[in-house]
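> Have a look; sequence and predicted model below, questions after that.
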Amino acid sequence: MPTPMVAALCSPWRIGRVEIPTRLVLAPMAGVSVQAFRRQGRRYGAGLVCSEMVSCAGLHHGNERTLGYLRIARDEHPLAVQIFGSEPTVMAEAARMVEAAGADLVDINFGCPVRKVTKTGAGATLLDEPERASRIVAAVAEAVEVPVTVKMRRGLENGSRSCLEVGPRLVEAGAAGLTLHPRSARQMYTGTADHLLTAELVERVEVPVIASGDITSRAKAQAVLATTGAAAVMVGRGAQGNPWALREIVDGDDRQPSREEVVAELVLFIRETARELGERRASGFLKKFYGWYLGRGRFPKPFKQELVMLGSTEEVERLLIAAAPGALPLLERLEDELPVADEVLLDELPISLYGGG
Ligand SMILES: Cc1cc2nc3c(=O)[nH]c(=O)nc-3n(C[C@H](O)[C@H](O)[C@H](O)COP(=O)(O)O)c2cc1C
């Protein structure tokens, strides 16, 4: 039998009419996928980036912090903004706001396993309610011109195969693409992602399927594409504090970053995040990133602990630069290549958001 053709990771593909330049998608991650993360992901080769899950109820009530998730930069397209909720009409309204904010795709979350979300009838619980799930997708697809996609887990319970029943129904209802993270909601992040299920889903639908779960290297990405027939792979935890993993996956460039490169990317990330969230929110938000960037044997452990104790992002920056002064020219170059801040922010959002909310 001839070996099936496997698309190169750096080749373009489409969801509906949206062209995506590479087959690597940066995963939506709550508490992680800020604008700086997404823009960095695009620079390192992700063809599509995603916002974290945004509450449709929060958008409906005009909650300022929720509206802040709709800030979209020029250099992060194509971008999917992900929404979650359980009411078709409220989800449709949220989707219209997401489209108006400039997202290229609206993604619906039917995968979140966290109780705070599932107890409201949203997230992964919808995999047990295919009727309602289909109504949500139909209402959202009806409400917007941009393609609508859905991200799912395999089902609620271990061993569940619900995604294979629900997935095709969602496509019938109007989904132009599906992402599967083949763990059960009960599993959370334990065990492994069972991509045999991804292969089965690919067989059952005519739209592109994105494979999510445990993809941390080019070898794994290529194996998953080859064995599942998925259109693309999604990378989440592997990219935390490690944009270089994206470059390795897309281009096979496996050079490890120098300390100076790590510090330059981290300082840029700190500055961009402080601008986006405001200093107070950013300084707490960023703490987990210090371990992610400085771990992997790049810096000694006590250095990270020292950074986490500091009160302001400026102090963190000073200590980082002192540890790797050669990072400064790299940082300048990175900043020169980015669009200036004013070009990046979306004008229509309430002015107070720019202070961080
Ligand atoms: C901290 C964190 C937050 C996440 N938040 C979301 C989210 O908001 N929406 C979503 O669909 N998936 C979310 N996920 C799941 C990821 O998108 C992805 O499917 C999962 O982590 C498996 O991929 P990985 O092994 O590459 O991390 C989250 C995962 C993590 C680790």
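Thanks, I have the structure now.
> neighbours around the closest residue to the ligand within the stretch 201-350 of the chain, how many?
The ligand sits closest to residue 236 of the stretch 201-350 of the chain, with a gap of 2.8 Å, by Cβ to the nearest ligand atom. To be clear about C-beta, it is placed using only N, CA and C from the backbone, and glycine gets the same treatment. By other Cβ atoms under 10 Å, the residues close to residue 236 number 21.
> which SSE is residue 106 in?
Using DSSP states H and E, residue 106 sits within strand 105-110.
> Same question for residue 308.
Take DSSP H and E as the rule and residue 308 turns out to sit in helix 301-309.
> now what about that helix, what contacts it?
Outside helix 301-309, the residues that touch it by Cβ atoms under 8 Å, 6 or more residues apart in numbering are 287, 290, 291, 294, 295, 316, 319, 320, 323.
> my guess is the fifth one contacts residue 240, does it?
No: using Cβ atoms under 8 Å, residue 295 and residue 240 do not qualify as a contacting pair, with a distance of 9.8 Å.
> between the two, who's got more neighbours?
More neighbours surround residue 240 than the other of residue 295 and residue 240, with 19 against 14 (other Cβ under 10 Å).
> Helix, strand, or coil at the closest residue to the more buried one other than its chain neighbours?
Of all residues not flanking residue 240 in the chain, residue 292 sits nearest, at 4.6 Å (Cβ to Cβ, 6 or more residues apart in numbering). State at residue 292, reduced to three classes by DSSP: H, G, I helix; E, B strand; the rest coil: helix.
> how many neighbours does residue 292 have?
Counted with other Cβ under 10 Å, residues neighbouring residue 292 total 16.
> what sits against it?
Residue 292 touches 240, 241, 242, counting by Cβ under 8 Å, 6+ apart.
> what's the spacing between residue 125 and residue 243?
As judged by Cβ to Cβ, to the nearest Å, residue 125 and residue 243 stand 33 Å apart.
> Comparing the two, which residue is more hemmed in?
Shown here are residue 125 and residue 243; by other Cβ under 10 Å, residue 243 has more neighbours (23 against 20).
> isn't that one right next to residue 265, touching?
Yes: counting by Cβ under 8 Å, residue 243 touches residue 265, with 6.5 Å between them.
> Mutual contacts of the two, please.
Common neighbours of residue 243 and residue 265, using Cβ under 8 Å, 6+ apart, are residue 40.
> For the longest helix seen in the chain, report the contacting residues that lie outside it.
Counting residues, the longest helix found in the chain (DSSP state H) is helix 259-277. Counting by Cβ under 8 Å, 6+ apart, helix 259-277 makes contact with 34-37, 39-40, 68, 71, 241, 243, 257, 282-283, 285-286, 289-290, 293-294, 298-299, 313, 316-317, 320-321, 323-324, 326-328, 330-331, 334-335, 341, 356-357, all of which sit outside it.
> circling back: in the helix holding residue 308, which residues are buried?
Within helix 301-309, the residues that count as buried by 16 or more other Cβ atoms under 10 Å are 304, 307.
> got the CA coordinates for that helix in CSV?
Taking Å, rounded to 0.1, in the frame of the first residue of the first chain, the C-alpha atoms of helix 301-309 are listed here in CSV:
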residue,chain,number,x,y,z
LYS,A,301,16.6,27.6,40.7
PRO,A,302,17.3,30.1,43.4
PHE,A,303,17.4,32.8,40.7
LYS,A,304,13.7,32.2,39.8
GLN,A,305,12.8,32.2,43.5
GLU,A,306,14.4,35.6,43.9
LEU,A,307,12.4,37.0,41.0
VAL,A,308,9.1,35.7,42.3
MET,A,309,9.7,37.5,45.6
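> Go through stretch 46-61 and flag the buried ones.
For stretch 46-61, a neighbour-count test (16+ other Cβ under 10 Å) marks 46-60 as buried.
> now the end-to-end length of it.
Stretch 46-61 has an end-to-end distance of 33 Å (Cα to Cα, to the nearest Å).
> Likewise for stretch 77-87?
Stretch 77-87: ends 28 Å apart by Cα to Cα.
> Please flag which of the buried residues of stretch 46-61 sit within helices.
By the criterion of DSSP H, membership of these in helices covers 56, 57, 58, 59, 60.
> Correct me if wrong: residue 150 contacts residue 107.
Yes: taking contacts as Cβ under 8 Å, residue 150 lies within contact range of residue 107: 7.1 Å.
> which neighbours do these two share?
Shared contacts of residue 150 and residue 107 (Cβ under 8 Å, 6+ apart): residue 179.
> sorry, back to before: list the contacts of the strand holding residue 106.
Taking contacts as Cβ under 8 Å, 6+ apart, the residues outside strand 105-110 that touch it are 15, 18, 28, 48, 50, 53, 78-84, 91, 95, 98-99, 122-124, 126-127, 133, 136-137, 140, 144, 146-153, 166, 170, 175, 177, 179.
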